[in-house]
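Q: Sequence first, then the predicted structure, then my questions.
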Amino acid sequence: MRIEPAAAVRGHIALPGDKSLSHRAVLLAAVGEGETRISGFGRSEDTEATIKAVRDLGVRVYEADPETLRVFGAGLRGLKPPKQPVDCGNAGTLMRLLPGLLAGQEGRFELTGDESLRSRPMERIAEPLRLMAATVETTDGRAPFTVEGGALRPITYELPVASAQVKSAVLLAGLYAEGGETTVEEPLPTRDHTENLLAQAGARVTRRASSVSVAPAERLELGELEIPGDFSSAAPFIVAATLLAGSELTIHGVNLNPRRTGLLGVLERMGANVTVFNRRRIGGEPAGDLDVRPSEVVGATIGAGEVPLLVDELPLFALLAVHAHGDSALRGAAELRAKESDRIEAVVDGLRSLGGHIRATPDGFTVRGVPSRIRGGGTFDSRGDHRIAILGAITGLVSREGVEVVGPEAAAVSFPGFYDLLDSLRAPI
Ligand code: S3P
């Protein structure tokens, strides 16, 4: 797909519901009591995989409209093994969270996914679940894998990697671990949607500075839940409006959970012009509206401590850095190599071939910024990774010669309407 350069992006937008919350809402509703009504659901290939998965496990989901779901929960122990393996598609969050719930069910469950997901590390959830007495058998540490539950025991688990997905798997299994609280100790703060939603659903959750505990639960009930817009889907438009002179962009109703908005702090250090207003709460999460105006940016350095707060936005940071006055660096982000693609290679290969001065390091990249439009004129390979397809499109938009995104359809994994929304904002040169 060819993405032509634009002069500016202008308009008012709202984004589809947060993907992390949409997965979690459906999963918790699936083991809840009675009906959960979810509005603002972020429909995408990933979250549709979650609807399909819980249906295969015997849960009734009624789609009142594309953004409104009514989930009729099977109760905490009501999920049933389907005849076929549960297909998680491309959805890492589904594949890593669902086993936490399956470990508390009767029977043996098999999970699989697409080629990308089958290449990603799964021992990171298998290990703590085994410590809790579940039986988990992986294929050389990856999917397909099986989970067989039973009587679980509570553990205190120190996360070897800062991963909200692993934290969530352990906390969900903790709902079933009789005899005490299950505790996860985090080396660095990661997104806390699971603990937020568990508390909203009535579970006993205790939060401390660097750990979180959950007590075994009798029942969960979410009732009604509204999901705010996805900050990770807002991020490409924030970056485009920052880089394109003449832009005027307002984004409404977006999730501003501080463990998700690390990009805002980085943008501030870089001298960008983003204003937050109308702060409020949506679905128990901090939310608000954003005004973005263009600005020249200066280089910035991101270290390990900040990485989890903008882990999915780091590819976009590279594009900002390429256009900054001065040098930038990303360190402590080796996890990017284990995402839907090796995002360090994907970002560096793409931007370098289009004129960016960027080099890969084992755990990040270094960039020599040039404060004028990247040349473009070539291709950006998505490698089947939604965040990379979206980066390729924004690169084309801010470039001099445009960019051909190879594998643009990957964007639909998180954001099916991305290209239409982009077109609706574009001011031609
Ligand atoms: C997610 C957590 C992050 C993130 C992913 C979604 C979640 O992964 O990259 O896109 O919803 O918990 P890790 O927790 O593995 O870093």
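A: Nice, I can see it.
Q: got the residues of the stretch 251-400 of the chain near the ligand?
A: Proximity of the stretch 251-400 of the chain to the ligand is confined to 311-312, 335 under the rule CB under 6 Å from any ligand atom. Every C-beta, even on glycine, is put in place using the N, C-alpha and C of the backbone.
Q: who wins for neighbours among those?
A: Within these, most neighbours by other CB atoms under 10 Å means residue 312, with 24 neighbours.
Q: got the residues of the stretch 1-150 of the chain near the ligand?
A: Contact residues (CB under 6 Å from any ligand atom) of the stretch 1-150 of the chain with the ligand: 20, 93.
Q: what about the helices in the stretch 1-150 of the chain?
A: The residue ranges that make up the helices of the stretch 1-150 of the chain, judged by DSSP state H, counting those that start in this stretch, are 19-30, 45-56, 92-102, 115-118, 123-131.
Q: Any regions of the stretch 301-429 of the chain where pLDDT drops low?
A: Low-confidence segments of the stretch 301-429 of the chain, defined by pLDDT under 70, are absent; every residue clears the threshold.
Q: which residues in it form strands?
A: 301-302, 327-330, 358-361, 364-368, 379-381, 403-406, 426-427 (DSSP state E, counting those that start in this stretch).
Q: Dump those to CSV, plus mean neighbour count.
A: Formatted as CSV, those follow (neighbours: other CB atoms under 10 Å):
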stretch, mean neighbour count
strand 301-302, 20
strand 327-330, 20
strand 358-361, 16
strand 364-368, 23
strand 379-381, 21
strand 403-406, 22
strand 426-427, 17
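Q: for those, which one sits closest to residue 119?
A: Judged by CB to CB, the one of the strands of the stretch 301-429 of the chain that comes nearest to residue 119 is strand 379-381, at 16.8 Å.
Q: From the chain's centroid, how far away is the closest one?
A: From the chain centre to the centre of strand 379-381 is a distance of 22 Å (CA atoms, centre = their mean, to the nearest Å).
Q: coming back round to it: can I get the strands of the stretch 301-429 of the chain in CSV with distance to residue 348?
A: As requested, those are exported to CSV (distance: least, CB to CB, whole Å):
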stretch, distance to residue 348
strand 301-302, 15
strand 327-330, 10
strand 358-361, 4
strand 364-368, 6
strand 379-381, 12
strand 403-406, 15
strand 426-427, 27
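Q: deepest of the helices of the stretch 1-150 of the chain, which one?
A: helix 19-30 (a mean of 28; mean count of other CB atoms under 10 Å).
Q: which strands and helices sit next to that helix?
A: For helix 19-30, the contact count by 3 or more CB pairs under 8 Å, 6 or more residues apart in numbering; DSSP states H and E identifies strand 35-39, helix 45-56, strand 68-72, helix 92-102, helix 164-174, helix 193-200 as packing neighbours.
Q: swap the cut-off to 6 Å and go again
A: Applying 3 or more CB pairs under 6 Å, 6 or more residues apart in numbering; DSSP states H and E, one finds that helix 19-30 makes contact with helix 45-56, helix 92-102, helix 193-200.
Q: would you list these in CSV and tack on mean pLDDT?
A: Shown next, in CSV, are the helices and strands packed on helix 19-30 (pLDDT from 0 to 100):
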stretch, mean pLDDT
helix 45-56, 98
helix 92-102, 98
helix 193-200, 98
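Q: Reformat these as CSV; add distance to residue 122.
A: As requested, the helices and strands packed on helix 19-30 are arranged in CSV below (distance: least, CB to CB, whole Å):
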stretch, distance to residue 122
helix 45-56, 16
helix 92-102, 7
helix 193-200, 18
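Q: All set now, cheers.
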